[in-house]
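Q: predicted model, plus sequence, below.
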Amino acid sequence: MGNVNDRIERAEKTRKYQKDMVTINNGAYYSGTLNKTESGRTCQNWTSQSPHRHDRTPWNHRFRHKRLGNHNYCRNPDGESRIWCYTTDRRKRWEKCSINQAKQIIDKDADSKINELNKIK
């Protein structure tokens with residue numbers, strides 16, 4: 001049981017760390033899975049050039065270590081005021097993402113993991 005309790009404690013620490021990353025340095029180190037903008041638009045994959053062409057790709061040396069990749073999660077690779085993404089809406093090139101929504105996803109994921117660990121006890 002001690003091992004499970006240790007894993008639950010680690011899950012709680014991870015939750016706190018991930019929630020901090022949403023706001024520290026305007027989310028520059030955020031690596032969560034939010035993929036919708038604050039208005040609900042779906043984020044475009046960072047490796048895609050459609051519908052919006054851009055240079056913020058994992059292959060561009062300026063953005064190589066900015067947590068971009070073959071995904072469509074909100075990020076802040078260039079110092080905006082918070083996490084953002086290009087959208088799949090041809091009429092809206094990019095949009096900021098909700099910090100509160102990002103934290104809700106982190107909480108949901110952590111709660112799910114902790115609930116599974118509690119079942120093992």
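A: Yep, it's here. Numbers count the residues shown, from 1 in each chain.

Q: first to last residue in stretch 16-29, what's the distance?
A: Between the opening and closing residues of stretch 16-29 lies a distance of 14 Å (C-alpha to C-alpha, to the nearest Å).

Q: over to the residue nearest to the spatial centre of the chain. Which of the three states is it?
A: For the chain, the residue lying nearest the average C-alpha position, counting by C-alpha atoms, centre = their mean, turns out to be Gly32 (2.6 Å). Secondary structure for Gly32, judged by DSSP: H, G, I helix; E, B strand; the rest coil, is coil.

Q: pretty sure His71 contacts Asn45?
A: Yes. Contact status for His71 versus Asn45: in contact at 6.6 Å, counting by C-beta atoms under 8 Å. In short, each C-beta sits where N, CA and C put it, glycine included.

Q: the residue nearest to the centre of the chain contacts Ile105, correct?
A: Yes. Using C-beta under 8 Å, Gly32 is in contact with Ile105, at 6.0 Å.

Q: who are the contact partners of Ile106?
A: Neighbouring residues of Ile106 by C-beta atoms under 8 Å, 6 or more residues apart in numbering: 15, 18-19, 22, 32.

Q: do that again at 7 Å, thanks
A: Contacts here follow C-beta atoms under 7 Å, 6 or more residues apart in numbering; on that basis Ile106 touches 15, 18-19, 32.

Q: save the residues you listed as a markdown table, and put in distance to Ala110 too.
A: What follows is the contacts of Ile106, written out as a markdown table (distance: C-beta to C-beta, whole Å):
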| residue | distance to Ala110 |
| --- | --- |
| Arg15 | 4 |
| Gln18 | 8 |
| Lys19 | 9 |
| Gly32 | 11 |
